[in-house]
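Chemist: Sequence and predicted structure are below.
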Amino acid sequence: MNTFFIEFRDPLFGIIVFFVLIFIITFLSYWFNRYRVKENHRHLDKFLKQFNAMPSQDELRVLITSGDLSEKSWLLLASSYSKNGNFDKSVEIYSELLKVGNKDNYRDTLFLLGTTYFKAGFLERAKQVFLEILQNNPRTPQALNYLLLVYEQMRDYKSALGVLEPLEELNKDVKTTSAYLNALVILNDEKLIAQEKAQKLLEIYKKTHELTYLIFEYIFRVNPALAWQNLDLTQAELLTDILYNIDEKDLNFDIIKNNAYLRELYTAKGYVKEVNKSSIFEFDVLINLDKSTNATLSFEYICDNCKRVSPFAFNRCSSCHAIDSSRIEIALAKDYHKDFSEENNSFQ
């Protein structure tokens, strides 16, 4: 029977024990490390939740009044929340600061609360905040400007125009804003027919020589002949996207032939054959491309004031609120519309 057992003095027995011990140690180390990593993640998640979970109003009031953080620190924290889109947290901090914070900073904190409401889209609340500021401090141009923006977004253009008077008394230039608001009044007047709106918009354009994109985008849509008749061709580049997308039947070829920019634009489009090359790279590529190539122009819109880029045309920048500051940037793109038309034809 002894032949079936390995004596503990046998070298083979020692090797087996050695490998068994290595296995046990490795097994225990593996599961211990997994447990430790899991616990670390649990503690980290618990720690991070402290920053995601806003304290209650009572807790927040205690934290602010305790003085552990200065009021400036709370304002910076609220501003950080607002910039990251956490408007609810920002509003809670500003609201508590208004109740228990330094009264010398009340107006400034109230203004920050109003701008946060505005960014979050709570226009009625923002309006009430700015009106409260102006009730006690009527000569506050920042509050007047935001109140004007609130009225504009609420499409209360009459009230917005009323804000221009105190701004003008504060020696602020309101000519462009006045023209812009009056143009919006015309565009949103349901009592006027399209041709009447076009004529009234032209009156604003001839008087101010501003708002070229806003005015001619509408007129080219409802009366292309009137638009061509009154367009200042030196401003054609501001309307590149509109002019490029006009139907061929609505073109004025006499005007096109007498303007170098329009000749290049519509040769690139394929409506005319007036030039063989262009100083504008994108036009030159389209002019010299094989006509079977599905290429076209795409457009981006840059605010000249704050340099913000938008894929959509705008008349007032959503970032800095500048009016008539849009500049068009052109680029080459695939013509998906042409692809779609060819696919439809192939199924007919």
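Modeler: On my side now, so go ahead. Numbering: from 1, shown residues only.
Chemist: What are the boundaries of the helices in the stretch 151-300 of the chain?
Modeler: Here the stretch 151-300 of the chain has its helices, by DSSP state H, counting those that start in this stretch, at 157-169, 175-187, 194-208, 212-222, 224-230, 240-244, 253-257, 260-269, 281-288.
Chemist: Show residues contacting the second one.
Modeler: Identification of contacts with helix 175-187 by C-beta atoms under 8 Å, 6 or more residues apart in numbering yields 148, 152, 157-158, 160-161, 164, 192, 197, 200-201, 204, 207-208, 210-211, 214-215, 218, 315-316, 323-324. C-beta here means a position set from N, CA and C on the backbone, and glycine is covered the same way.
Chemist: Next, the angle from it to helix 194-208.
Modeler: Put simply, helix 175-187 runs at 170 degrees to helix 194-208, going by axes from the mean of the first three to the mean of the last three C-alpha atoms, to 10 degrees.
Chemist: Give me the neighbour count for Asn294.
Modeler: Asn294 is flanked by 14 other residues according to other C-beta atoms under 10 Å.
Chemist: Please pick the buried ones from the contacts of helix 175-187.
Modeler: Among those, those buried by neighbour count (16 or more other C-beta atoms under 10 Å) are 148, 152, 157, 160-161, 164, 197, 200-201, 204, 208, 210-211, 214-215, 218, 315-316, 323-324.
Chemist: circling back: distance to Gln142 for the helices of the stretch 151-300 of the chain - can I get that in JSON lines?
Modeler: Shown next, in JSON lines, are these (distance: least, C-beta to C-beta, whole Å):
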{"stretch": "helix 157-169", "distance to Gln142": "11"}
{"stretch": "helix 175-187", "distance to Gln142": "15"}
{"stretch": "helix 194-208", "distance to Gln142": "25"}
{"stretch": "helix 212-222", "distance to Gln142": "25"}
{"stretch": "helix 224-230", "distance to Gln142": "37"}
{"stretch": "helix 240-244", "distance to Gln142": "34"}
{"stretch": "helix 253-257", "distance to Gln142": "45"}
{"stretch": "helix 260-269", "distance to Gln142": "40"}
{"stretch": "helix 281-288", "distance to Gln142": "41"}
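Chemist: Indicate which one of these is closest to Asp304.
Modeler: Proximity to Asp304, assessed across the helices of the stretch 151-300 of the chain by C-beta to C-beta, is greatest for helix 212-222 (12.3 Å).
Chemist: could you give the angle of that closest one to helix 175-187?
Modeler: Put simply, helix 212-222 runs at 20 degrees to helix 175-187, going by the same axes, to 10 degrees.
Chemist: Low-confidence ranges, the stretch 1-150 of the chain, go.
Modeler: For the stretch 1-150 of the chain, the stretches flagged by pLDDT under 70 are 1-11, 13, 40-69.
Chemist: go again using 90 as the cut-off
Modeler: 1-86, 88-90, 92-93, 95-105, 136, 138-139 (pLDDT under 90).
Chemist: Now do the helices in it.
Modeler: For the stretch 1-150 of the chain, applying DSSP H, counting those that start in this stretch gives helices covering 11-52, 57-66, 71-83, 87-100, 106-120, 123-136, 141-153.
Chemist: Pipe these into a markdown table and attach distance to Leu297 per row.
Modeler: As requested, the helices of the stretch 1-150 of the chain are exported to a markdown table (distance: least, C-beta to C-beta, whole Å):
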| stretch | distance to Leu297 |
| --- | --- |
| helix 11-52 | 45 |
| helix 57-66 | 53 |
| helix 71-83 | 35 |
| helix 87-100 | 38 |
| helix 106-120 | 34 |
| helix 123-136 | 37 |
| helix 141-153 | 31 |
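Chemist: Looking at the ones you listed, spot the one closest to Asp247.
Modeler: Asp247 lies closest, by C-beta to C-beta, to one member of these: helix 141-153, at 32.3 Å.
Chemist: So what touches that closest one?
Modeler: 111, 114-115, 118, 123, 126-127, 130-131, 133-134, 137, 157, 159-160, 163-164, 166-167, 170, 172, 177, 181, 184, 316, 321.
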